[in-house]
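**Student:** Need a 3D model of the sequence below.
(2 chains)
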Amino acid sequence: MAYIADKPTPPPSADELRARIPGWGADVDPKDRPAFPRERRDLDSGAHWNFPDRQPEIVPRERSIEHKFVTPVFGTAQPLAGLSGAIRRYAYARFSEGRAAHWLLLLAGDRVDAMESHARSLLTLHPDNPVTETGILSEFRRHPIRSRFGRNRADLSHTWLDPILVAGPWLLGGWVAVKVLRRLRGPR
Amino acid sequence: MKAMVYRGPYKVRVEEKPMPKIEHPNDAIVRVSLAAICGSDLHLYHGLMTDLRIGHTFGHEFIGVVEEVGSSVRNLKRGDKVMVPFNIYCGSCFFCARGLYSNCHNVNANATAVGGIYGYSHTAGGYDGAQAEYVRVPFADVGPSVIPDWLADEDALMLTDAYSTGYFGAQLGDIVQGDTVVVFGAGPVGLAAAQSSWLMGAGRVLVVDHLDYRLEKARTMAHAETLNFVEYDDIVVELKKQTDYIGADVAIDAVGAEADGNLLQHITGSKLKLQGGSPIALNWAIDSVRKGGTVSVMGAYGPIFSAVKFGDAVNKGLTLRMNQAPVKRQWPRLFEHIQNGYIKPSDMITHRIPLEHIAEGYHMFSSKLDDCIKTVVVPNAA
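**Tutor:** The predicted model follows:
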């Protein structure tokens, strides 16, 4: 018990554990652990520069205001665009990472981006298809009943929320569109 | 090229995207042979990570073949078969110079608190990931390694994140011989952390989850004692009982932002995104570890605040240790453990799917269907 100096139930002996567990104790000496010590100056990273060459900044790149400058290498996957881009640009330009507003604006930008992108996709030959994109059609190949029920899964208590989270914005968007169209048409 | 793209929360598809280009003299373009879906990819899939732009390609666990190299690349050449750590890092900044490769300061313009990660939103640098036919690999002389001839492809793939992260998590626990270690989460990282705890000399290893098929894997692969928290009124009390009311010496959170076990925390943290994740597993770790013990955090959390029980951590005098794993530092020792037959990282793989079935892969993994633990994605170009 915790009320006396030693653990009442001692761990199994090293010999017993070594016989039962492959490799038991191979890294018992911290010196054999590659993350020890946490900070080391003797590692060869492969870098052959003091400061890396700078990647050309072809499009102006947003950055955290906690950085002195745009990092010498950066991702160019999806440049800022549209209303979501304006929200994100403001979040980066105005608020540091220490401010909740920074992250909440970025989350808001994500939701606006989703709406913009869904709307834009409707004008293309490859519109968003929530049925195929959610993978829901694969359910029947993956044992949906056996996987979920009779197994004490804790997540079943909130699974019902998932369809609402996926379909909710679509239904809400449709409802708003209908309301706007009716208002534009005016009273009859 | 074909690539997985994000289309909003819970929605992904395969699209044709432009081939990645050399954008920096030390870049390489890698043709992806195998990629994996990580548990942390689900945080993206569920829309939990900030600045996640529509059209982003996920995928930070991958191996492949070098297709093209930039003008300053010395250590790789076209045709080399490489394993690539999930960290993007320069190797020369203040942090990399100290071995903190996951905390590089030269690769993520969007955030100073986060390093660079392939396919993990603009908060992690804005790099497209490897659930695609090709991927841009920055700092090719620093991150990737040529896969040794003796190492199986799927073992190499698991070392690019999941297994290395679990191994690193066990090290963060500062385990001493005979310690009791409790691991929260029996996913790939938790399995690796449990197995690695034995390597560090643990006397007991307990794994907690709510999915029986994963706990079964923890028993067979990691030789651990297991507890399904659903079967207990209070898992913290049960863990105290099982440790003579002392508590575990070390607790490892291998769950992260989407932990189950408390409906309010889960809904506010994971569904409504009002927290940077639901810190249930982390709070259980804090409460079930002994006074003066160590909590190692491997689970991924978002950058927003979370309702963590910090007062308990202070009052118990805990040591909290955490970081994203500096993956490449782990490889030489893990190679030895594989060659000695102590570990077989690919044992955790349960599913293999073509890239075209990516929406199915995410849905299956997210919904925990078909006893899914780890899914490997095979792009066509391989």
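**Student:** Next, B:Asn110: secondary structure please.
**Tutor:** Using DSSP: H, G, I helix; E, B strand; the rest coil, the structure places B:Asn110 in coil.
**Student:** That one touches B:Thr123, doesn't it?
**Tutor:** Yes: between B:Asn110 and B:Thr123 there is a contact under C-beta atoms under 8 Å: 5.8 Å. For glycine as for every other residue, the C-beta is placed from the backbone atoms N, C-alpha and C.
**Student:** For the two, list the residues in contact with both.
**Tutor:** Both B:Asn110 and B:Thr123 are in contact with B:Asp51, where contact means C-beta atoms under 8 Å, 6 or more residues apart in numbering or on different chains.
**Student:** Distance of the residue positioned nearest the centre of chain B relative to B:His266?
**Tutor:** Taking C-alpha atoms, centre = their mean, the centroid of chain B lies closest to B:Ala162, which sits 4.7 Å from it. Separation of B:Ala162 from B:His266 (C-beta to C-beta, to the nearest Å): 23 Å.
**Student:** can you check B:Arg78 too?
**Tutor:** Counting by C-beta to C-beta - B:Arg78 and B:His266 are separated by 47 Å.
**Student:** which one of those two has more residues nearby?
**Tutor:** B:His266 (23 against 11; other C-beta atoms under 10 Å in any protein chain shown).
**Student:** Tell me if I'm right that that one and A:His158 touch.
**Tutor:** Yes: if you go by C-beta under 8 Å, B:His266 and A:His158 touch, sitting 5.9 Å apart.
**Student:** Ramachandran angles for the closest residue to A:Leu43 other than its chain neighbours?
**Tutor:** Setting aside the residues directly before and after it, A:Leu43 is nearest to B:Gly99 in space (C-beta to C-beta, 6 or more residues apart in numbering or on different chains), at 5.0 Å. In terms of degrees, to the nearest 10, the main-chain angles of B:Gly99 are phi 90, psi 0.
**Student:** ok, now the one 5 residues further on?
**Tutor:** Comment: the main-chain dihedrals of B:Cys104 come out as phi -50, psi 140, following degrees, to the nearest 10.
**Student:** Let me know the distance separating it from chain A.
**Tutor:** 9 Å (C-beta to the nearest C-beta, to the nearest Å).
**Student:** wait, isn't that residue in contact with B:Ile117?
**Tutor:** No: taking C-beta under 8 Å as the definition, B:Cys104 is not a contact partner of B:Ile117, at 10.2 Å.
**Student:** okay, now A:Thr159: neighbour count?
**Tutor:** For A:Thr159, the count of nearby residues is 11 (other C-beta under 10 Å).
**Student:** Could you look up the SS state of it?
**Tutor:** Applying three-state DSSP: A:Thr159 is coil.
**Student:** picking up where we left off before, which residue packs closest to the residue nearest to the centre of chain B, ignoring adjacent ones?
**Tutor:** B:Pro188 (4.0 Å).
**Student:** And A:Asp113, by the same measure?
**Tutor:** Nearest one to A:Asp113, counting by C-beta to C-beta, 6+ apart, is A:Ser84 at 3.7 Å.
**Student:** Can you pull the phi and psi angles for that neighbour?
**Tutor:** phi -60, psi -40.
**Student:** same question, B:Ala36
**Tutor:** phi -130, psi 160.
**Student:** isn't B:Tyr10 right up against B:Tyr45?
**Tutor:** Yes: at 6.6 Å, B:Tyr10 counts as touching B:Tyr45 under the criterion of C-beta under 8 Å.
**Student:** Spit out the residues that contact these two alike.
**Tutor:** Common neighbours of B:Tyr10 and B:Tyr45, counting by C-beta under 8 Å, 6+ apart, are B:Ser366.
**Student:** tell me the contacts of B:Tyr101?
**Tutor:** So B:Tyr101 contacts A:45, B:85, B:87, B:89, B:91, B:95, B:115, B:326-329 (C-beta under 8 Å, 6+ apart).
**Student:** Mind jotting down where the helices sit in chain A?
**Tutor:** A:14-20, A:82-94, A:100-121, A:130-133, A:144-148, A:161-185 (DSSP state H).
**Student:** As JSON lines, those helices with mean pLDDT would be great.
**Tutor:** Formatted as JSON lines, the helices of chain A follow (pLDDT from 0 to 100):
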{"stretch": "helix A:14-20", "mean pLDDT": "97"}
{"stretch": "helix A:82-94", "mean pLDDT": "98"}
{"stretch": "helix A:100-121", "mean pLDDT": "94"}
{"stretch": "helix A:130-133", "mean pLDDT": "92"}
{"stretch": "helix A:144-148", "mean pLDDT": "89"}
{"stretch": "helix A:161-185", "mean pLDDT": "83"}
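**Student:** Mean neighbour count for the ones you listed - can I get that in JSON lines?
**Tutor:** Shown next, in JSON lines, are the helices of chain A (neighbours: other C-beta atoms under 10 Å in any protein chain shown):
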{"stretch": "helix A:14-20", "mean neighbour count": "13"}
{"stretch": "helix A:82-94", "mean neighbour count": "17"}
{"stretch": "helix A:100-121", "mean neighbour count": "19"}
{"stretch": "helix A:130-133", "mean neighbour count": "16"}
{"stretch": "helix A:144-148", "mean neighbour count": "14"}
{"stretch": "helix A:161-185", "mean neighbour count": "12"}
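**Student:** As CSV, these with distance to B:Thr180 would be great.
**Tutor:** Shown next, in CSV, are the helices of chain A (distance: least, C-beta to C-beta, whole Å):
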stretch, distance to B:Thr180
helix A:14-20, 13
helix A:82-94, 44
helix A:100-121, 37
helix A:130-133, 45
helix A:144-148, 32
helix A:161-185, 36
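**Student:** Up against chain A, what does the stretch 251-382 of chain B have?
**Tutor:** Residues of the stretch 251-382 of chain B lying close to chain A by C-beta under 8 Å from any C-beta of the partner chain are B:260-261, B:263, B:266-267, B:271, B:273, B:276, B:290, B:302-305, B:326, B:329-330, B:332-333, B:337, B:340-343, B:357, B:359-364, B:367-372.
**Student:** Can you spell out the domain ranges of chain B, please?
**Tutor:** B:2-161+B:326-378, B:165-322 (automatic domain parsing).
**Student:** Look up how far A:Ser157 lies from A:Thr76.
**Tutor:** Relative to A:Ser157, and taking C-beta to C-beta, A:Thr76 is found at 42 Å.
**Student:** Between those two, tell me which one has more neighbours.
**Tutor:** With neighbours defined as other C-beta under 10 Å, A:Thr76 and A:Ser157 compare such that A:Thr76 has more, 17 against 12.
**Student:** Any figure for the gap between that one and A:Val59?
**Tutor:** For A:Thr76 relative to A:Val59 (C-beta to C-beta), the value is 8 Å.
**Student:** Kindly report the same for B:Asp212.
**Tutor:** 50 Å.
**Student:** hey, where'd the helices end up in chain B?
**Tutor:** Secondary structure of chain B (DSSP H): helices at B:39-45, B:153-159, B:162-172, B:188-199, B:212-222, B:235-242, B:263-266, B:280-288, B:310-315, B:327-339, B:358-367.
**Student:** How about residues contacting the second one?
**Tutor:** Read it as helix B:153-159. Contact partners of helix B:153-159, identified using C-beta under 8 Å, 6+ apart, comprise B:33-36, B:61-63, B:83, B:147, B:188, B:327, B:330-331, B:334, B:338, B:344-346, B:348-349, B:374, B:376.
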